[in-house]
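Novice: Sequence first, then the predicted structure, then my questions.
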Amino acid sequence: MKKTFALLLCVFTLLYMAACSASKESTPTPENIQAQPDAVPITLYTGTADASVRDGEDLMVEASYPVFALSEADALAHPALDATLKKRAEEMKTALTKEAQSYITDVEEYRKYDYVLPTAYFYTDHAIRVRRADSVVVSLLSFHTAYTGGAHGNYGFSGETYDTQTGKLLTLDDVITDTSRLPALIE
């Protein structure tokens, strides 16, 4: 029991070190799609940070998460949005680190009982695309893939839209005030 705890503690420490100090961030590239002709475009840089944990030569867990930031000029022009996006990016990094830590525990347990090949590894990947970035709103589309054992991986999409001036995460009620028009909009 003590050896297992010590091993897990070492693995978590390695993950933490890999996620915090050995993460490599890709060079962010500017993305913005203007959807409203009278809105002023803003630049939101996106990229990914990667971390992996190995057991000797074997890869155990591989993870990537999005990093994004406003251009310096847009951060000064929209400080509330800048603060919200920085907070959101940090929340995503924290969530991914916790997710990856649970994967390490699972991989160790599965390997112990030969449920997976010794070279099998789990992964999680979050990617963000900017769908709109202007003086009205910033809309992000997230794509998440993961493999946590089994016959195939899992994936899904989610979206977030922020008010550029206030940094507030918008809900459907904020965007569509007349819900009687919603069926026609969906069609």
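Specialist: That came through fine.
Novice: Let me know the secondary structure of residue 97.
Specialist: Three-state call for residue 97 (DSSP: H, G, I helix; E, B strand; the rest coil): helix.
Novice: tell me the pLDDT at it?
Specialist: pLDDT recorded at residue 97 is 80.
Novice: ok, now how distant is it from residue 148?
Specialist: 16 Å (CB to CB, to the nearest Å). Placement of C-beta: from N, CA and C, glycine included.
Novice: Show me where this protein has its helices.
Specialist: Under the criterion DSSP state H, helices of the chain are mapped to 2-20, 72-77, 79-112, 172-175, 182-186.
Novice: In TSV: these, plus mean neighbour count.
Specialist: Below are the helices of the chain laid out as TSV (neighbours: other CB atoms under 10 Å):
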stretch	mean neighbour count
helix 2-20	13
helix 72-77	14
helix 79-112	16
helix 172-175	10
helix 182-186	8
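Novice: can you list the weak-confidence ranges in the protein?
Specialist: Applying pLDDT under 70 to the chain flags the ranges 1-38, 114-120.
Novice: let's go with 80 and repeat that
Specialist: Applying pLDDT under 80 to the chain picks out residues 1-39, 51, 53-60, 100, 104, 106-122, 148-151.
Novice: correct me, but residue 67 touches residue 48?
Specialist: Yes. Using CB atoms under 8 Å, residue 67 makes contact with residue 48 at a distance of 6.6 Å.
Novice: Hmm, residue 101 and residue 124 touching each other?
Specialist: No. Counting by CB under 8 Å, residue 124 stays clear of residue 101, with 11.0 Å between them.
Novice: wait, what's in contact with the residue lying closest to residue 43 once chain neighbours are set aside?
Specialist: In space, not counting the residues next to it along the chain, residue 43 is nearest to residue 71; the distance is 4.0 Å by CB to CB, 6 or more residues apart in numbering. By CB atoms under 8 Å, 6 or more residues apart in numbering, the contact list for residue 71 reads 30, 42-45.
Novice: Distance of residue 179 relative to residue 186?
Specialist: Distance, residue 179 to residue 186, by CB to CB: 11 Å.
Novice: What about residue 47, how many residues nearby?
Specialist: Residues contacting residue 47 under the criterion other CB atoms under 10 Å number 15.
Novice: Could you do residue 145 as well?
Specialist: So residue 145, with other CB under 10 Å, has 14 neighbours.
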